[in-house]
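>>> below are the sequence and a predicted model for it; my questions follow.
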Amino acid sequence: MAAKTKIEKNINWQFPLQKQNFIILGIGLAVILIGYLLMSTGVTEQPAILDGKWNNPMAIVVAPLLLVIGYCVIIPFGLFRVFQKSEQ
């Protein structure tokens, strides 16, 4: 039988996300939070308009757009973006 050769390699693993990634992820979470806060403003004490329209356009137009941008654009961009590693 052949002798087993033990090959030792020095593996230097670094966490793939950097400070810039966490900043982008924080911005995404802030946009999502603002979207949910705007969506909660749709509940008011005023009666709904008889035409069937909701009484707060911020809750039905802006809030869903912010949520889609936060979930589908900013968060994936923060996860997949690769920044140049600084030489230290």
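Ah, there it is.

>>> using the three-state scheme, assign the most centrally placed residue in the chain.
Centroid-nearest residue in the chain: Ile75, 2.5 Å away (criterion: CA atoms, centre = their mean). Put simply, Ile75 is helix when judged by DSSP: H, G, I helix; E, B strand; the rest coil.

>>> which residues touch it?
By CB atoms under 8 Å, 6 or more residues apart in numbering, Ile75 lies in contact with Leu25, Gly28, Leu29, Ile32. Heads up, the C-betas are built off the backbone N, CA and C, glycines and all.

>>> if we use 7 Å, what do you get?
Leu25, Gly28 (CB atoms under 7 Å, 6 or more residues apart in numbering).

>>> against Leu37, how distant is it?
Noted for Ile75: a distance of 18 Å to Leu37, by CB to CB, to the nearest Å.

>>> buried ones in the host helix or strand of Ile23, by neighbour count?
Ile23 is part of helix 19-40 when elements are defined by DSSP states H and E. Buried positions in helix 19-40, judged by neighbour count with 16 or more other CB atoms under 10 Å: Asn21, Ile24, Leu25, Gly28, Val31, Ile32, Gly35, Leu38, Met39.

>>> right, and the helix or strand after it?
helix 57.

>>> so Ile74 touches Gly26, yeah?
No: under the criterion of CB atoms under 7 Å, Ile74 makes no contact with Gly26, lying 9.8 Å away.
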